[in-house]
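Visitor: coords please:
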Amino acid sequence: MTDAPNAASLKLNADQLNDFLWRAFSGGGDREQRSRIVEVSPGFLRTRLPYNPGFLRPGGVISGPTMMSMADTAAYALILAHIGEVEMAVTTSLTIHFLRPCKQGDLVADATLLRLGRRIATCDIRLWTEAPDKIAAQAMVAYAIPT
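Guide: This next block holds a predicted model:
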């Protein structure tokens with residue numbers, strides 16, 4: 001079990017994570033329109049999804065499904081940064097609280113690793129577009145790690 005990751009605990013950097021995610025989820029489309037890991041450090045990851053009007057729901061705010069997908073992606077990437085390319089790590093739970101309307105703009109997810117066990121990893125994800133202190137949603141995501 002790892003409760004306090006250190007620099008030696010990182011197995012993948014931001015470029016390696018972006019390459020892996022692109023290969024694993026290539027499904028076509030423009031690479032520049034996909035979320036991109038912009039920072040990774042022990043226990044922390046930031047990813048940014050370029051704004052697209054297709055993310056909007058009625059009322060002109062970013063939709064819940066877009067934010068849930070971003071939270072799941074951020075958790076997956078953060079966990080892989082610490083365990084390496086383990087394709088079959090899978091989401092076991094995702095709970096999200098929508099705190100304020102998510103205004104139009106690039107969607108940013110800040111992910112913090114709360115616990116990395118042998119079988120389960122848990123992350124806290126904060127989503128925002130305006131500023132890190134104006135969180136639009138907060139998610140708790142758990143992943144099962146294959147043995």
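Visitor: does the residue nearest in space to the middle of the chain sit in a helix, a strand or a coil?
Guide: Ranked by distance to the mean C-alpha position of the chain (CA atoms, centre = their mean), the top residue is Ala74 at 0.9 Å. Assigned by DSSP: H, G, I helix; E, B strand; the rest coil, the conformation of Ala74 is helix.
Visitor: What ranges does the chain have for its strands?
Guide: 36-41, 44-49, 56-57, 61-62, 90-98, 107-116, 120-128, 137-144 (DSSP state E).
Visitor: Nearest to Asp19, out of those?
Guide: For Asp19, the closest of the strands of the chain is strand 36-41, at 9.9 Å, according to CB to CB. In this view, the C-beta of every residue, glycine as well, is placed from N, C-alpha and C.
Visitor: Okay, buried residues for the closest one please.
Guide: Neighbour-count burial for strand 36-41 flags Arg36, Ile37, Val40 (criterion: 16 or more other CB atoms under 10 Å).
Visitor: For Arg57, see how far away the second one is.
Guide: This points to Ile37. 26 Å (CB to CB, to the nearest Å).
Visitor: what does the average pLDDT come to for stretch 96-104?
Guide: Confidence for stretch 96-104, expressed as mean pLDDT, is 97.
Visitor: Only C-alpha atoms, please: export it in PDB.
Guide: What follows is stretch 96-104, C-alpha atoms only, in PDB (Å, rounded to 0.1, in the frame of the first residue of the first chain):
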ATOM      1  CA  ILE A  96     -19.800  13.200  -8.400                       C
ATOM      2  CA  HIS A  97     -21.200  16.300  -6.800                       C
ATOM      3  CA  PHE A  98     -22.100  19.200  -9.100                       C
ATOM      4  CA  LEU A  99     -21.400  22.300  -7.100                       C
ATOM      5  CA  ARG A 100     -22.000  25.200  -9.600                       C
ATOM      6  CA  PRO A 101     -22.800  25.600 -13.300                       C
ATOM      7  CA  CYS A 102     -19.600  24.800 -15.300                       C
ATOM      8  CA  LYS A 103     -19.100  27.800 -17.500                       C
ATOM      9  CA  GLN A 104     -17.900  27.500 -21.100                       C
END
